[in-house]
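> Take a look and give me a structure for this.
(one chain, ligands or ions: 2)
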Amino acid sequence: MCDPGVPEYFVGGRRVEPGRLYRVRDGGWVEPSPRSCPNGHRLGPGRGLAGTVACPKIGGFHRTHICRTCEAIIYTPPEVPECAHDRMVPAEVWEANSAAAGEVLEDPPPAST
Ligand SMILES: [Zn+2]
Ligand SMILES: [Zn+2]
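Numbers count the residues shown, from 1 in each chain. Ligands and ions are numbered 1, 2, ... in the order given. Purely as a prediction, here's the structure:
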């Protein structure tokens, strides 16, 4: 069972569910990031661009990770069919942070929604 359309998300080498924050060794909370783009290119600090795009359809923001190789955009949470935001999303350098080396210490409580 492997759906190539669903990226896998990792925090510090541990596979996690997207859309939640995970506590790491340094006491911070990090968001999961996709390990690769839909075309199989490895992502990560220095290998992609990260940004956010406001989306009224989901009532919030998508986190975006952009593959530098093929410019694929991974939205977290995923886009819904009603999404109509411009694909030209603001991007910033994907900074190396504790998510790259951090160790997950604690899972957040289960989402109640
Ligand atoms: Zn790619
Ligand atoms: Zn959207």
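> which residues does the most centrally placed residue in the chain bridge with?
Closest to where the C-alpha atoms of the chain average out (C-alpha atoms, centre = their mean) is residue 33, at 3.5 Å. Per DSSP bridges, the residues bridged to residue 33 are residue 10.
> That one against residue 10, yeah?
Yes. Residue 33 is in contact with residue 10 according to C-beta atoms under 8 Å; the separation is 6.8 Å. For the C-beta atoms, the positions are set from N, CA and C on the backbone; glycine is no exception.
> Please give me every residue in contact with residue 57.
Counting by C-beta atoms under 8 Å, 6 or more residues apart in numbering, residue 57 touches 80, 82, 83, 84.
> so which of those is the most crowded?
residue 83 (14 neighbours; other C-beta atoms under 10 Å).
> So which bits of this structure are right by ligand 1?
37, 39, 41, 67, 69, 70, 72 (C-beta under 5 Å from the ion).
> and the residue nearest to the fourth one when sequence neighbours are not counted, what is it in contact with?
This points to residue 67. Spatial nearest neighbour of residue 67, excluding adjacent residues (C-beta to C-beta, 6 or more residues apart in numbering): residue 37 at 3.6 Å. Contact analysis of residue 37 by C-beta under 8 Å, 6+ apart lists 7, 43, 48, 65, 67, 69, 70, 72, 74.
> May I have stretch 61-76 exported as CSV, CA atoms only?
Extracted as CSV, the C-alpha positions of stretch 61-76 are listed here (Å, rounded to 0.1, in the frame of the first residue of the first chain):
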residue,chain,number,x,y,z
PHE,A,61,-3.2,28.7,6.0
HIS,A,62,-1.4,26.0,4.0
ARG,A,63,2.2,25.4,4.8
THR,A,64,3.9,25.0,1.5
HIS,A,65,7.1,23.2,0.7
ILE,A,66,8.4,23.7,-2.8
CYS,A,67,10.8,21.3,-4.5
ARG,A,68,13.7,23.2,-6.0
THR,A,69,14.2,20.6,-8.6
CYS,A,70,10.8,20.4,-10.2
GLU,A,71,9.0,23.2,-8.4
ALA,A,72,6.2,20.9,-7.2
ILE,A,73,4.3,22.5,-4.3
ILE,A,74,3.3,20.3,-1.4
TYR,A,75,0.5,21.9,0.7
THR,A,76,-0.1,21.1,4.3
